[in-house]
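*Asks:* With the input below, show me the fold.
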Amino acid sequence: MADEFVLRMEHVSKSFPGVRALHDVSLSVRRGEIHCLVGQNGAGKSTLMKILGGAYRMDAGDIILDGEKVFFPNPHAALKAGISVLYQELALNPCLSAAENIFLGREIKTPFGVVNVRRQQQEAERLIKPFGVEIDVALPVEQLSVAQQQIVAIGKALSFKAKVIVLDEPSAVLTVEELGRLFNIMRGLREDGVGIIYISHRLEEIFEIGDRVTVLRDGEVVGTFDVSTVNESDLVRMMTGREVVKTGSRSRVETGEPVLEVENLSRRRVLRDVSFRLHAGEIVGVFGLVGAGRTELAHALIGADRPDSGRILLDGKEVMPSSPQHALKLGIGLVPEDRKRHGLVLGMNVADNSTLAIWDRLARLGIVDRRSLLASARESVDELRIKTPSLSALVENLSGGNQQKVVLAKWLATACKVLILDEPTRGVDVGAKAEIHELIRAIASRGKALIVISSELPEIMSVSDRLLVMRKGRIVGEFLPAQTTQEDVLACAMGVKVA
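*Replies:* Predicted structure coming up:
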């Protein structure tokens, strides 16, 4: 009789210098099961999946696939055996096209041994079609949005006829509609007998799609449960070892004169007559589905993309940032959506990253004063409660939540008047998310004017004083979160009229 489990990982342990990442971890996946894996950042989820995918070697333990003990010396061996892992950090070559990325290493060729570009692109389009999103598969991946890159990566994972598919935080940048399509694809794979490991910080997804759930904390298994036998509070308690209280909508704040005024801002087809005001001490949320123009608005405000028309006024004076550096001098800063590519220098330490935007201010005769730099970094680490072994620790070794705090520290050090936060809690765990929300509110309480962009509706309604909804490059609605519902906001973003 065939083994009930397509995959068993038994008593897996893994340590890095000074860090015990996994200790005696066991995980089993049945055939035709969606097995969810949850835990805070740093709990060991990604390390466990990198061992399964052949990227890391375990110190102890066994991997049993289809009833046979296996060993994967490299990712190629894991793929060949039927393990397809879509990591949170997308393994895409930015210079290659979407189609080339999907079929990299197994190109579709003509009988003469030449890559059949047309057929390869057709196959790539077929894989992406179920998501209902138009992507030019001939474009280099670096020209696609983060959400589009995520869909390409999922398409690549699905292109392998795998026995086990791992999806690590695939929903972080997908819209509600795209996520629904992904779930339908996952259900189809489950019907075909494929085992799926699904990792997500969004606990509501666990209950929508999962069959069983395993909770990791501090590199150890807290327990494995049928999804029907636990609730969200149970999972949060097991993940964190404490109760996490959900915060409600922010109390309405008193505002004075506007700090930032945007009038009829337009840019090609991505922004259309965008107008709004932002006051000191106010948090304005910007919500919309992928392609609505949220990030494009942020880029226009900091001069990364120059608008075709419209005005930007800062403290009543007309300005037009010509670059992010110019915007910073004016007093406008951006915490970018992709912290690893645009917010941090991963090979640098915590001290240097957290002060990077003020090195010119810390310099004397062109040389940065290390004593002042370290003092500023220490103040930021203490104030933002950044968990790091030391200021000299490489930022790439921190958890996602602490990396995001370092990005926040960098921009807070600049004392800018307007701070734009694009997806500020993308890919961070429940506990870190609550801490970042607290920081956002604390920053606003000091009088800073904040714009928070998020695709996560509960988040944007929780932290915002006012909420702007974008669709097809326009602002199509304005809400007070305390006086509206998530359904109304989502309907506005989708262009649906609610009776």
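*Asks:* pLDDT wise, what is K45 at?
*Replies:* With respect to pLDDT, K45 scores 89.
*Asks:* and what of T175?
*Replies:* 68.
*Asks:* Quick check: E478 is in a strand.
*Replies:* Yes - judged by DSSP: H, G, I helix; E, B strand; the rest coil, E478 forms part of a strand.
*Asks:* Now W359. Nearest residue, chain neighbours left out?
*Replies:* Of all residues not flanking W359 in the chain, V368 sits nearest, at 5.3 Å (CB to CB, 6 or more residues apart in numbering). Bear in mind the C-beta positions are built from the backbone N, C-alpha and C, glycine included.
*Asks:* and the gap between that neighbour and V381?
*Replies:* Going from V368 to V381 by CB to CB, to the nearest Å gives 18 Å.
*Asks:* The two: who's more crowded?
*Replies:* Set V368 next to V381 and count neighbours by other CB atoms under 10 Å: V381 wins out with 21 against 16.
*Asks:* Quick check, the more buried one in contact with S354.
*Replies:* Yes - at 7.2 Å, V381 counts as touching S354 under the criterion of CB atoms under 8 Å.
*Asks:* Mutual contacts of those two, please.
*Replies:* Taking CB atoms under 8 Å, 6 or more residues apart in numbering as the criterion, V381 and S354 both touch A409.
*Asks:* ok, residues contacting the host helix or strand of E10?
*Replies:* Using DSSP states H and E, E10 falls within strand 5-16. Residues outside strand 5-16 that contact it (CB under 8 Å, 6+ apart): 20-31, 44, 47-48, 51-52, 56, 58-66, 163-164, 193, 195.
*Asks:* And the pLDDT at V463?
*Replies:* Here the pLDDT value assigned to V463 is 93.
*Asks:* likewise the one 4 residues further on?
*Replies:* Turning to L467, the model gives it a pLDDT of 95.
*Asks:* Quick one: list the elements packing against the strand or helix carrying it.
*Replies:* Here L467 sits within strand 466-471, counting by DSSP H and E. When contacts are defined as 3 or more CB pairs under 8 Å, 6 or more residues apart in numbering; DSSP states H and E, strand 466-471 sits against strand 283-287, strand 474-479, helix 486-494.
*Asks:* Return the most buried member of those.
*Replies:* strand 283-287 (a mean of 26; mean count of other CB atoms under 10 Å).
*Asks:* Listing request: residues of the chain with sub-threshold pLDDT.
*Replies:* Counting by pLDDT under 70, the chain has low-confidence residues at 1-2, 18, 41, 88-89, 172-175, 240, 242-256, 290, 496-499.
*Asks:* Look up how far E459 lies from the residue positioned nearest the centre of it.
*Replies:* With distances taken as CA atoms, centre = their mean, the residue of the chain nearest its centroid is R426 (3.3 Å). Distance of R426 to E459, given as CB to CB: 10 Å.
*Asks:* just to revisit the earlier point, make a PyMOL selection of the buried ones in the contacts of strand 5-16.
*Replies:* Those of the contacts of strand 5-16 that count as buried under 16 or more other CB atoms under 10 Å are selected in PyMOL with:
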select buried, resi 21+22+23+25+27+28+29+30+31+44+47+48+51+52+56+58+61+63+64+65+163+164+195
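*Asks:* How about the contacts made by the closest residue to S464 other than its chain neighbours?
*Replies:* Counting by CB to CB, 6+ apart, the nearest residue to S464 once its immediate chain neighbours are dropped is G285, at 3.2 Å. If you count contacts by CB under 8 Å, 6+ apart, G285 has them with I451, V452, I453, S454, I460, M461, V463, S464, R466, L467, L468, P481.
*Asks:* Kindly report the same for N349.
*Replies:* By CB under 8 Å, 6+ apart, N349 lies in contact with L391, S392, A393, L394, V395.
*Asks:* Mind putting those residues into a markdown table with neighbour count?
*Replies:* Converted to a markdown table, the contacts of N349 look like this (neighbours: other CB atoms under 10 Å):
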| residue | neighbour count |
| --- | --- |
| L391 | 19 |
| S392 | 12 |
| A393 | 16 |
| L394 | 16 |
| V395 | 25 |
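*Asks:* Of all the helices and strands packed on strand 466-471, which one is nearest R202?
*Replies:* The minimum distance between R202 and these falls on helix 486-494, with 14.0 Å, by CB to CB.
*Asks:* From the contact counts, what lies against that closest one?
*Replies:* Short answer (3+ CB pairs under 8 Å, 6+ apart): helix 486-494 packs on helix 457-463, strand 466-471, strand 474-479.
*Asks:* distance between it and the chain's centre?
*Replies:* Chain-centre distance of helix 486-494: 22 Å, with CA atoms, centre = their mean, to the nearest Å.
*Asks:* what angle separates it from strand 474-479?
*Replies:* Here the directions of helix 486-494 and strand 474-479 differ by 170 degrees (axes from the mean of the first three to the mean of the last three CA atoms, to 10 degrees).
*Asks:* what residues does helix 486-494 touch?
*Replies:* The contact list for helix 486-494 (CB under 8 Å, 6+ apart) reads 176-177, 287-289, 292, 457-458, 461, 467, 469-471, 476-477, 479, 497-498.
*Asks:* Also stretch 438-454?
*Replies:* 247, 250, 253, 259-260, 278-287, 294-295, 297-298, 301, 337, 384, 405, 408, 412, 416-425, 460, 463-465.
*Asks:* before we move on, the earlier item: same list (the helices and strands packed on strand 466-471) but as CSV, adding distance to V146.
*Replies:* Output for the helices and strands packed on strand 466-471, formatted as CSV (distance: least, CB to CB, whole Å):
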stretch, distance to V146
strand 283-287, 16
strand 474-479, 22
helix 486-494, 18
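*Asks:* and of these, who's closest to A81?
*Replies:* That would be, of those and by CB to CB, helix 486-494, which comes in at 41.4 Å.
*Asks:* Just the CA atoms of that closest one, as PDB, please.
*Replies:* Only the C-alpha atoms of helix 486-494 are listed here, as PDB (Å, rounded to 0.1, in the frame of the first residue of the first chain):
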ATOM      1  CA  GLN A 486     -14.400  47.000   4.200                       C
ATOM      2  CA  GLU A 487     -17.000  45.800   1.800                       C
ATOM      3  CA  ASP A 488     -17.800  49.400   0.800                       C
ATOM      4  CA  VAL A 489     -14.100  50.200   0.300                       C
ATOM      5  CA  LEU A 490     -13.400  47.100  -1.800                       C
ATOM      6  CA  ALA A 491     -16.500  47.600  -3.900                       C
ATOM      7  CA  CYS A 492     -15.300  51.200  -4.700                       C
ATOM      8  CA  ALA A 493     -11.800  49.900  -5.600                       C
ATOM      9  CA  MET A 494     -13.400  47.300  -7.900                       C
END
